[in-house]
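Trainee: dropping a prediction and its sequence here:
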Amino acid sequence: MLEPITGAEFENVAAGTDLTVVDFWADWCGPCKMQTPALEALDEAYDGKIKFASLDVDQNQALAEKLEIMSIPALVIFKHGKPAEKVVGFHPQGALKKYLDQKLAEVTAE
């Protein structure tokens, strides 16, 4: 299960990790519910290499606004604690794995 976080915990979520993925979702969002199993599988696959967390946009509207989350599901990729990229919409597990492998290789090469 992805680590659920709140806006108050958000500032610390990416601290101390090279690569963090935060899933912005809502309970009423069908594509979000479809995305969750893929993210949970990737969380297990990348254990210790990439940190995963989830944030409910309905409970954390100010933070979603601050990060300009206009559509969900949305993944915000943090490199070294700073937001670097967004991935918006539903993506199959294989496509996300390929994308994250590339991001992990970039961080490792830095």
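Mentor: Received, thanks. Residues are numbered from 1 along each chain as shown.
Trainee: and residue 16, what does it touch?
Mentor: residue 81 (Cβ atoms under 8 Å, 6 or more residues apart in numbering). Every C-beta, even on glycine, is put in place using the N, C-alpha and C of the backbone.
Trainee: tell me how far it lies from residue 78.
Mentor: Residue 16 sits 11 Å away from residue 78, going by Cβ to Cβ, to the nearest Å.
Trainee: so where's the protein uncertain?
Mentor: Judged against pLDDT under 70, the chain has no low-scoring part.
Trainee: which SSE is the residue nearest the centre of the chain in?
Mentor: Nearest residue to the geometric centre of the chain (Cα atoms, centre = their mean): residue 22, 2.4 Å. In this assignment (DSSP states H and E), residue 22 forms part of strand 19-25.
Trainee: re earlier: pull the contacting residues for the residue nearest to the centre of the chain.
Mentor: Residues near residue 22 by Cβ under 8 Å, 6+ apart: 5, 10, 13, 14, 52, 53, 54, 55, 75, 76, 78.
Trainee: quick one: which of the residues you listed is most hemmed in?
Mentor: Most neighbours among the contacts of residue 22, by other Cβ atoms under 10 Å: residue 55, with 26 neighbours.
Trainee: any residues touching stretch 46-61, and which ones?
Mentor: 2-7, 10, 13-14, 17, 19-28, 36, 39, 42-43, 63-64, 69, 72, 100, 104.
Trainee: end-to-end on that stretch?
Mentor: With Cα to Cα, to the nearest Å as the measure, stretch 46-61 spans 29 Å from end to end.
Trainee: please state the offset of that stretch from the chain centre?
Mentor: Offset of stretch 46-61 from its chain centre (Cα atoms, centre = their mean, to the nearest Å): 5 Å.
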